[in-house]
Structure formats: C-alpha cells, structure tokens
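**Q** I'd like to go over a predicted model; first the sequence, then the structure.
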Amino acid sequence: IRECFVPRRGYVFALCDYNYVELVTLAQVCIWKFGFSALGDAINAGRDPHLYMAAGLLGITYEDAYERRKEPAIKEARQRAKAIGFGRPGGLGDESFMAYAAATYGVHMDRQEAKASKEAWLRTYPEMRSYLDYFGRLSMGDREFAGTQLPTGRVRGGCSYTSGANTGFQGPAADGIKRAGWYVTKECYLADPYRNGAGPTPLFGSYVVAMLHDELILEVPEHRAHEACLRLSDRMIVGMREMV
C-alpha cells in the first residue's frame, strides 16, 4: 500500500503496529492455561524476547547479548530466534520449520540445527512444552477439534494440531486489533464517539485505509498528524489490553 497509493490532498498516512504481538498473546495464553510463562516474564521485564531467545541459542546472558546486539553474530542469532519464536509455537515439525525459516526469514538450518534450536527454545521458554502437548492431546494425532478462543469464547471449528496451536495465540491478537479498530473507526467518523459530551478526538475526520495483520493504516489530516498518531497508538493499546 505504501508503494501503490498516495494520501488525498491535505492528508498523510499514519501507520501503527504492535511489537511482537503474537509473542505477547502466546505468553498470555500460557499464563491462563498453565499459570506461568517465562516468555511473559521476559516481556514484562522489558526484554526483547527475540534477543532473549538469541542469548539462549548462543549460551550467553541477555545482558551480554544486549551489549553486543549490533554485532553480526548477534543479529544473525536474533533473526534465527524470530523464526523459532513465530514458527515453533504453531507446531511445525523439523522439515516444515526449516522451509518456513528459510522462506520467511532467510535463515537456513540443517535438521540437526533445527532440532538443537528447538531444544534451546524449550529450555528458554519451558511453558512451550506444555503448550504444544495441550494441542497434541486435543488433536490426538489427526483428529479435528473445535478450539475455544481465549478470552472471547469465539469458537473455531475443524482445527488440526497445527491450526489449533496457531490459533491459540493468533486469535487473541486478531481479536485485539479488531477491537482496537472498532475504537479507532468510531473516533474517525463520529463527532461524539462515546456519547459523553466530550466531543471529537484527534482522530475525527481521519479515514481507515487498511488493517494489515497487526497494523492499522489511516489517512489523517496533515495539520494534526502528530496528535492523531498519538491517539491511534493509544486506542490500539486500549483495544489489545482487553485481550491480554
């Protein structure tokens, strides 16, 4: 959309997305289901979860990895950690994971490296073993099941092991940005969006262009673009906080 469209006269594009939102929702689901999440602890401590995983892969401390974060070896390990963090929770086997990592992140591993990286991931975030086991029990190999989405109760039918594991953490992220989109849209088009007499917000007169995965794109009046961007960020946080 950045390449194919330009905003109308007097408007600029405002874009806002979430930082590693599916790791946040994955951690939240593990807390709900199993009572703990090392991934959640890392996020709540203000640590970059990809870099934290990279430190686990390299056998160094997070502090050391952070100090050296601009070094090529640390950057490569962080890219590898992204492939693991977004691929393995969906239940990918070694072969599928290797293909996914190469196609999506340009990370190439042989089978031995793929297995070793999974073990490092499970050591770093031990709740992931419980997470995958949970969906393994629901599917019992190749049985389809209906997955109930937390926290909304939305039901997805016909789940397999991998689609169920994926929707476990992707679902709250999707529900959260949909909720955020509802707040944003109300404020774009309604002069008193909450019917409380407070009047319009800085988003009034803006237009929703697209919702892409974890990102909202708006056209906002250029003369108040700064205020509109801040309000867009705030509404996105409010919507997602209803889920996590």
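**A** Alright, I've got the coordinates. Treat the numbers as computed from the prediction; the structure is a model and nothing was measured.
**Q** Who are the packing partners of the lengthiest helix in the chain?
**A** Longest helix in the chain by number of residues (criterion: DSSP state H): helix 161-189. Counting by 3 or more Cβ pairs under 8 Å, 6 or more residues apart in numbering; DSSP states H and E, the packing neighbours recorded for helix 161-189 are helix 21-34, helix 127-139, strand 145-148, strand 155-159, strand 207-212, strand 215-221, helix 225-241. Backbone N, C-alpha and C define where each C-beta goes, glycine included.
**Q** Present the ones you listed as CSV; the columns should include distance to R195 and mean pLDDT.
**A** Formatted as CSV, the helices and strands packed on helix 161-189 follow (distance: least, Cβ to Cβ, whole Å; pLDDT from 0 to 100):
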stretch, distance to R195, mean pLDDT
helix 21-34, 30, 97
helix 127-139, 41, 96
strand 145-148, 33, 92
strand 155-159, 32, 95
strand 207-212, 20, 94
strand 215-221, 22, 97
helix 225-241, 17, 97
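**Q** Of those, which is nearest T104?
**A** Distance to T104, taken as Cβ to Cβ, is lowest for helix 21-34 among those, at 13.3 Å.
**Q** For the helix or strand following that closest one, give the mean pLDDT please.
**A** Sequence order places helix 38-44 as the next helix or strand after helix 21-34, per DSSP states H and E. If you average the pLDDT over helix 38-44, you get 97.
**Q** just checking, what packs against helix 38-44?
**A** helix 21-34, helix 49-58, helix 127-139.
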